[in-house]
Structures are given as C-alpha cells and as structure tokens.
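# Model the following, please.
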Amino acid sequence: MATVNSYTRFMPTPDRTSLEEIVNAARDLLESEGLAGVTMQAVADRVGVRAPSLYKRVQSRDDLVRLVAEATLVDLADRLAPKTTPLELANEFRAFAKDRPAAYQLVMTPGAGTPVAGPEFAVTASASILRIAADTAGEEHALEAARTLTAWATGFISMELNGAFQLGGEVEDAWNYGVTRVVAALS
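Take a look at the predicted model:
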C-alpha cells in the first residue's frame, strides 16, 4: 500500500493558467469557432487544464463571454485612440472589424441574451469618437455626431461581414462614398 503524505490533501492546486490566458483562448475560439464554440471545455483544452479548473478564474461561460467583450472593447479603444479625424477613425473601426469579425459583432451587434461588457468599457471605447465628433461637429452636437458615424459604420460593416452586398460593384467604393458623405454631413 502506498503512503501518501498527510499534508498533500490540504495543499492548494497550483495555478496552471491565468485569467489573461483564459480570455485570450476564448477570444481565439470566438474567431475560429464562433460564439457557440466558446465553451468552458474548449477553452480548458486550449489552455491545457481541465474544465473545472477554469472556475477558479471565471464564474461561468457568461462571465467568460463578458470578459471577452470587455477585452475586445479595450483593444478597440487602443486602436482608435491615436486617430485624429473622423475618416481615420472610421477606417480603423472597419479595419478592426475585419481583423476580429466575431469579436466586433459580439460588441457591436450582440444577439439577444448574449452577455455584454460593463458600461465603463463602452465609455472607454467611445472616448475617441466623442473627442473627434466634438472637434468635427462641436461640443453641443458631439454625442449625436458620434452616434451617427458609429451607426452608419456599424451597419455598413455588419452587412459587409455578413456578405450582404450582392448587387455588384466594389464594396470598397461604396465604403469610401458613404464614409466621405457621412463625415461631411457631421461638420
């Protein structure tokens, strides 16, 4: 019969992964497998632990999806921060969507019942567009201008990502036409 040290049953399980690694694995799964593919088991497999171990860091799958949405908004805010014109901002917003389409859709057009980021993350992600909108349309119309540009870009980008432009022509030409006119209307 094997002897087991009596103190081993009281020792905490060593940490084999971090919250950051878990969120990054979930973000990668989101892009490769879609939201349905972001399961606790799939994330555990990616980070090399058993699924129950994830619960040391994440309360639930909903909590994990919320964390992914929050990380996405932080990344978006970082990418938009250096932009100084509405056109630069809109183009970077679109580039972000093309780089991480599933994450973009998670934060910009989440489905019913999908966990969303806390409001403070949306505020952070909105800071650049509000700043640029104030410069473009004036302080008194900054919120309206920011919403107009965001709504137009989100609609266009969502249609583009979903392959909804089926009437021919160049989508790039349509983007340039639309964004130029929306930006001009904000002034």
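# how does this protein divide into domains?
If you go by automatic domain parsing, the domain ranges for the chain are 16-58, 70-186.
# Would you single out the least confident of the ones you listed?
Ranked by mean pLDDT, those bottom out at domain 16-58, with a mean of 92.
# So what would you say the end-to-end distance of it is?
Length of domain 16-58, first residue to last, C-alpha to C-alpha, to the nearest Å: 14 Å.
# same deal with stretch 105-121?
16 Å.
# Buried residues, it. List them.
105, 106, 107, 108, 115, 117, 121 (16 or more other C-beta atoms under 10 Å). Using the backbone N, CA and C atoms, a C-beta is placed for each residue, glycine as well.
# Run through the residues that contact the nearest residue to residue 39 once chain neighbours are set aside.
Using C-beta to C-beta, 6 or more residues apart in numbering and skipping the chain neighbours, the partner closest in space to residue 39 is residue 61 (6.7 Å). The contact partners of residue 61, by C-beta atoms under 8 Å, 6 or more residues apart in numbering, come to 38, 39, 40.
# Run a quick neighbour tally on the second one.
What that stands for is residue 39. Neighbour count for residue 39, taken as other C-beta atoms under 10 Å: 15.
# Phi and psi next, for it.
phi -110, psi 160 (degrees, to the nearest 10).
# hang on, the earlier thing: how about JSON lines for the buried residues of stretch 105-121, with secondary structure and distance to residue 67 added?
As requested, the buried residues of stretch 105-121 are exported to JSON lines (DSSP: H, G, I helix; E, B strand; the rest coil; distance: C-beta to C-beta, whole Å):
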{"residue": "105", "secondary structure": "helix", "distance to residue 67": "17"}
{"residue": "106", "secondary structure": "helix", "distance to residue 67": "11"}
{"residue": "107", "secondary structure": "helix", "distance to residue 67": "12"}
{"residue": "108", "secondary structure": "helix", "distance to residue 67": "17"}
{"residue": "115", "secondary structure": "coil", "distance to residue 67": "9"}
{"residue": "117", "secondary structure": "coil", "distance to residue 67": "9"}
{"residue": "121", "secondary structure": "helix", "distance to residue 67": "10"}
